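Colleague: Predicted model follows, preceded by the sequence.
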Amino acid sequence: MTYTKVGFIGLGNIGFLMAKNMVKDDGIVLNVYDINQQAVKSMSELGANACLSPKEVAEKSDVVFLSLPNSAIVEKVILGEGGVQEGLSSGGTIVDLSSAEPSSTRKIAGILSEKGITLLDAPVAGGTEGAAVGKLSIMVGGHENRLNDIMPLFKTIGEKIIYVGPIGSGHALKAINNLLYATIMVASFEAVTLGVKAGIEANKMIEVLSASSGRNFVVDVKFNSILSRDFSPKFTTNLLLKDMDIALSLAKEKGVPLSLNKFAQQIVVRGQQKGFGELDHTAIIKLYEEPSGVVVE
């Protein structure tokens, strides 16, 4: 089945870039909404249809994509007054690209299924860099057949689309991935700060680590901005902590002990308390630099 009428709600940093890639596709008529009317105006200038509510987006669409800050907002946008469920016809699909709580996702999916609406949870990885060029990795939970039906839409925003299981699985995996990432990040910050304190040039250390067994995504990618002291927000400390909290709540629910991950969470909380909440999460390295009397640059 070919879907030409598509909705997109949530035109934040990453949402705008994903919607921008969709509107470039000549086969898609894109209907958009955001509480930020400037973002809606900018997207309409690129060829999208501006809508006044989530309900209006849904009325004009067969498939509605969401990119929103958290589960509470997702639930309000879908189930609240003037929400997506009021406008989307039976047989329609909602794709939640947000990082959200699996339990909330399953609850919403159950309510929607009674109305003949399918929900897929499909959080993304790759940041604004991947979103800008349409090369995000997307982990999808829900009905695999529906994913296959609308795969061409996913291909406008992502390079690697992986079906990971029943509804809620995508959101669970995204949180687990970011929990693991944060733990690796904290260990990398400790190690590099130690090396700099020991008299090793930071750029030389990163070069060696990138070619050795200590290689990881933080070393390969994130230290580029740290060395240039650029902590402008690409993925904030607050957002990272949100995902970590989701994963740790899931671990508690499932009875899985996570000692190292809990320690990493405590470090990220300290960064938030130090005022790094709306900075890029890499600013957390300052927690190690300051007491060590060094700057990694």
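Modeller: Good, I have the coordinates. Everything numeric here is computed off the predicted structure, so don't read it as measured data.

Colleague: And K234, which helix or strand is it part of?
Modeller: Using DSSP states H and E, K234 sits in no helix or strand.

Colleague: just G170 next, same as before
Modeller: G170 is part of helix 169-197 when elements are defined by DSSP H and E.

Colleague: Likewise for G110?
Modeller: Per DSSP H and E: G110 is located in helix 102-113.

Colleague: tell me what that helix is packed against?
Modeller: Judged by 3 or more Cβ pairs under 8 Å, 6 or more residues apart in numbering; DSSP states H and E, helix 102-113 is in contact with helix 71-79, strand 118-121, helix 169-197, helix 237-254. In short, each C-beta sits where N, CA and C put it, glycine included.

Colleague: Those: which one's closest to M205?
Modeller: M205 sits nearest to helix 169-197 of all the helices and strands packed on helix 102-113, at 4.5 Å, using Cβ to Cβ.

Colleague: after the closest one, next one along is what?
Modeller: Sequence order places helix 202-209 as the next helix or strand after helix 169-197, per DSSP H and E.

Colleague: could you give me the average pLDDT of that following helix?
Modeller: Confidence over helix 202-209 (mean pLDDT, whole number) is 97.

Colleague: same check, this time on stretch 226-236
Modeller: In this model, stretch 226-236 carries a mean pLDDT of 95.

Colleague: mind checking the end-to-end distance for it?
Modeller: 14 Å (Cα to Cα, to the nearest Å).

Colleague: just stretch 150-159 next, same as before
Modeller: Chord length of stretch 150-159, first to last residue, is 14 Å (Cα to Cα).

Colleague: Does anything pack onto the one helix or strand A131 maps to? Which helices or strands?
Modeller: When elements are assigned from DSSP H and E, A131 belongs to helix 127-132. In this structure, helix 127-132 makes packing contacts with helix 13-23, judged by 3+ Cβ pairs under 8 Å, 6+ apart.

Colleague: Toward the C-terminus from the helix it packs on, list the very next helix or strand.
Modeller: Read in the C-terminal direction, the helix or strand following helix 13-23 is strand 29-33, with elements assigned using DSSP H and E.

Colleague: What angle do helix 13-23 and that next one make with each other?
Modeller: With axes from the mean of the first three to the mean of the last three Cα atoms, to 10 degrees defining the directions, strand 29-33 sits at 160 degrees from helix 13-23.

Colleague: So in that sheet, which strands flank strand 29-33, and in what orientation?
Modeller: Under the criterion DSSP bridges, strand 29-33 sits next to strand 5-9 (parallel), strand 49-50 (parallel) in its sheet.

Colleague: Report the buried residues of the very next helix or strand once past that strand.
Modeller: Of the helices and strands lying after strand 29-33 in sequence (DSSP H and E), the nearest is helix 37-45. Residues of helix 37-45 classed as buried by neighbour count (16 or more other Cβ atoms under 10 Å): A39, V40, S42, M43.
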